[in-house]
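Asker: A structural model of the following input is requested.
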Amino acid sequence: MSNELLYHFFDDDDFLLISDKIKEMEKITAGEIRVAIKENKTFANRNKSLKELAEQEFYKLGMNDTRDKTGILLYILLEQRKFYILADEGIHKKVEQKIWDNIASEMQNDFKLGHYSEGVVNTIEKVGQILGEHFPVKIDDTNELSNKVVL
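Answerer: Residues are numbered from 1 along each chain as shown. Prediction:
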């Protein structure tokens, strides 16, 4: 699969910035943040909703296996310029989906202005701050999931 569209919006330095921001935010929260960027829907997934695609990726990445059910996925579908933030049940009990949807809308505005990398980094920061309030880092906290951007 060609990543032509992907590299129209991001470069390798952007992916490093994103990973570094995840690492920084995870120092203040027990939450586990992941970012998945897909160019478009596959033929097999053409009839799935954005939420269904995010859920599929969430489980594929094993994000449902975190100790405190505090995984959160920022799912980006580039071709359609759509985003979904999916939180595991531990987070969902304390933070409504509406909060994540609002943050995704703010990222939509960044993308409209052509601020792709900044939009993702800002979103990770907002997500991290909310998680830090509700799920502060624990003494025995470990990084359970990779901070690398999933392509």
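
Asker: tell me which residues in the longest helix anywhere in the chain are buried?
Answerer: The longest helix of the chain (DSSP state H) is helix 116-134. Across helix 116-134, burial judged by 16 or more other Cβ atoms under 10 Å covers 116-117, 119-124, 126-128, 130-132. From N, CA and C alone the C-beta is placed, and that goes for glycine too.

Asker: now do stretch 35-45
Answerer: Neighbour count says stretch 35-45 has 35-39 buried, by 16+ other Cβ under 10 Å.

Asker: measure Y75 to K27 for me?
Answerer: Distance, Y75 to K27, by Cβ to Cβ, to the nearest Å: 23 Å.

Asker: between these two, who's got more neighbours?
Answerer: Y75 (24 against 11; other Cβ atoms under 10 Å).

Asker: How about the contacts made by F83?
Answerer: Each residue near F83 by Cβ atoms under 8 Å, 6 or more residues apart in numbering is listed here: 50, 74-77, 104, 107-108, 123.

Asker: Helices of the protein, start to end?
Answerer: Under the criterion DSSP H, the chain contains helices at 4-9, 12-25, 50-60, 89-92, 97-112, 116-134.

Asker: Tell me how far the longest one lies from the chain's centre.
Answerer: It refers to helix 116-134. 9 Å (Cα atoms, centre = their mean, to the nearest Å).

Asker: Now do that helix against helix 12-25: the angle between them, please.
Answerer: 10 degrees (axes from the mean of the first three to the mean of the last three Cα atoms, to 10 degrees).

Asker: what two of the contacts of F83 are the furthest from one another?
Answerer: Largest separation among the contacts of F83 by Cβ to Cβ: L50 and T123, giving 15.4 Å.

Asker: Can you tell me how far the nearest residue to G128 once chain neighbours are set aside is from N45?
Answerer: Leaving aside its sequence neighbours, G128 sits nearest to M25 (Cβ to Cβ, 6 or more residues apart in numbering; 2.7 Å). Per Cβ to Cβ, M25 is found 29 Å from N45.

Asker: Could you do E4 as well?
Answerer: Relative to N45, E4 is positioned 20 Å away (Cβ to Cβ).

Asker: Please give the number of neighbouring residues around the nearest residue to Q97 once chain neighbours are set aside.
Answerer: Spatially, and ignoring its direct neighbours in sequence, Q97 is nearest to A87 (7.4 Å; Cβ to Cβ, 6+ apart). Applying other Cβ under 10 Å, we find 25 residues neighbouring A87.
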